[in-house]
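>>> could you work out the structure for the sequence below:
(one chain, ligands or ions: 1)
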Amino acid sequence: MLFHVAMRVNLPPDLDPQIADELKRAEKQRAQELQRAGTWRHLWRVAGRYANISIFDVDSHEELHDILSSLPLFPYLDIEVTPLARHPSALPES
Ligand SMILES: O=C(O)CC1=CCC(=O)O1
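Below is the predicted model:
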């Protein structure tokens with residue numbers, strides 16, 4: 001199941017910079033693990049915002065929820081999830 005996930009990062013301006021750096025390092029490590037596993041299919045920066053647009057490939061809504069809610073930055077993320085269905089005019093995937 002594919003999901004379009006929009007994440008906006010809202011780190012508090014007064015957050016200790018060392019804690020912020022550690023959260024970003026841990027988030028990057030987890031994001032790269034999930035990309036290598038094929039679960040986090042796309043990760044794009046939204047130009048001009050501290051936000052990303054991502055595509056996740058998971059087996060269930062529950063799996064997506066578990067992944068998103070365990071991200072290191074989760075307490076600071078505004079997340080919007082959109083389920084995707086195949087478009088009838090899309091070419092078959094190679
Ligand atoms: O910077 C972001 O958009 C949040 C984020 C997601 C994966 C990652 O490494 O950072």
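>>> quick one: the strands in this structure?
Applying DSSP state E to the chain gives strands spanning 2-9, 40-45, 51-57, 77-84.
>>> out of these, flag the one nearest the ligand.
The closest of the strands of the chain to the ligand is strand 51-57. By CB to the nearest ligand atom, the value is 3.6 Å. For glycine as for every other residue, the C-beta is placed from the backbone atoms N, C-alpha and C.
>>> what are the contacting residues of stretch 35-42?
Outside of stretch 35-42, the residues within contact range by CB atoms under 8 Å, 6 or more residues apart in numbering are L2, A31, L34, L43, I53, S54, I55, F56, D57, V58, I67.
>>> can you report how many residues lie near the fifth one?
Translated: I53. 14 (other CB atoms under 10 Å).
>>> I'd like the distance between N52 and A6.
If you measure N52 against A6 using CB to CB, to the nearest Å, the figure is 8 Å.
>>> same check on E33?
Computed as CB to CB, the E33 to A6 distance reads 21 Å.
>>> these two: who's more crowded?
Taking other CB under 10 Å, E33 and A6 do not tie; A6 has more neighbours (15 against 11).
>>> what's near enough to touch that one?
By CB under 8 Å, 6+ apart, the contact set of A6 is V46, A51, N52, I53, S54, I79, E80, T82.
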